[in-house]
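# what would the 3D arrangement of this be:
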Amino acid sequence: MSKLIMIVSLLFVPTLMSGCANPLNQVTSIRYGDQCAEAERAGRLDIAEEACYRALVNVHIGNLGDEQKSIRLYDLGRIKRQLGKFDEAESLFKESLAIEDKQANPSHEKIGRRLAELAAVYGQKEQYQAGTPYVERLYSLPHSYEGNEKISVAIVFWAYAQELQKQPSDLGKKLERRALEMGFDPKTFGK
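I've put the predicted structure just below:
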């Protein structure tokens, strides 16, 4: 009888382990995430892309949860956008945003980052109308950005304002005003 119990328990161990977060995958995901950030800082986006992808894969394999998944999707999306892989970036940002929107206590900062990145993707694809809902949501969030993030959001607002004002648009005027309030200087744009 004891052999039967041992055999049955061995059969169920993998099933039980598959439902739990794996600490080895957590460590590996963090390591790849760090490599991604380091490669991005060094301007090696090809290496960053691979490392971010591996970080995301380890989140999936290790069943590390939605919070980690959202972070890794966002990181990989940023690299893809910088590489000009806009459709892939768009998909990653949308998936990450959907996770953040479902959180019990959603973070305005995290949601805002994803909205800004989606708006940037659509702007780079010159699909401003498709990006407008993301800009509108971003506009309505509290001001919680500083430094480079604040500048990036202001640039997104400015770019959309210029595009939307080609046709009479109250939103375009509001975005332009907000960009200027955030310290955007149109004289230095593109220099």
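
# do a quick rundown of the helices in the chain.
Counting by DSSP state H, the chain has helices at residues 2-18, 23-41, 45-62, 66-82, 86-102, 108-124, 128-139, 147-164, 170-181.

# output the below-cut-off pLDDT ranges for the protein.
1-21, 142, 190-191 (pLDDT under 70).

# now do 90
1-23, 140-148, 165-170, 183-191 (pLDDT under 90).

# hang on, the earlier thing: nearest to residue 189, of the helices of the chain?
When these are compared by CB to CB, helix 147-164 sits nearest residue 189, at 6.9 Å. Using the backbone N, CA and C atoms, a C-beta is placed for each residue, glycine as well.

# just how off-centre is the closest one within its chain?
17 Å (CA atoms, centre = their mean, to the nearest Å).

# contacts only, for the most centrally placed residue in the chain.
With distances taken as CA atoms, centre = their mean, residue 74 lies nearest the centre of the chain, 2.5 Å away. Each residue near residue 74 by CB atoms under 8 Å, 6 or more residues apart in numbering is listed here: 92-93, 96, 110, 113-114, 117.

# could you measure from it over to residue 164?
Residue 74 is 26 Å from residue 164, where distance means CB to CB, to the nearest Å.

# excluding its backbone neighbours, what's nearest residue 117?
residue 93 (5.0 Å; CB to CB, 6 or more residues apart in numbering).

# which ones are touching that neighbour?
73-74, 77, 114, 117-118, 121.

# recalculate using a threshold of 10 Å.
73-74, 76-78, 80-81, 113-121, 134 (CB atoms under 10 Å, 6 or more residues apart in numbering).

# residue 170 - how many residues pack around it?
Residue 170: 9 surrounding residues under other CB atoms under 10 Å.
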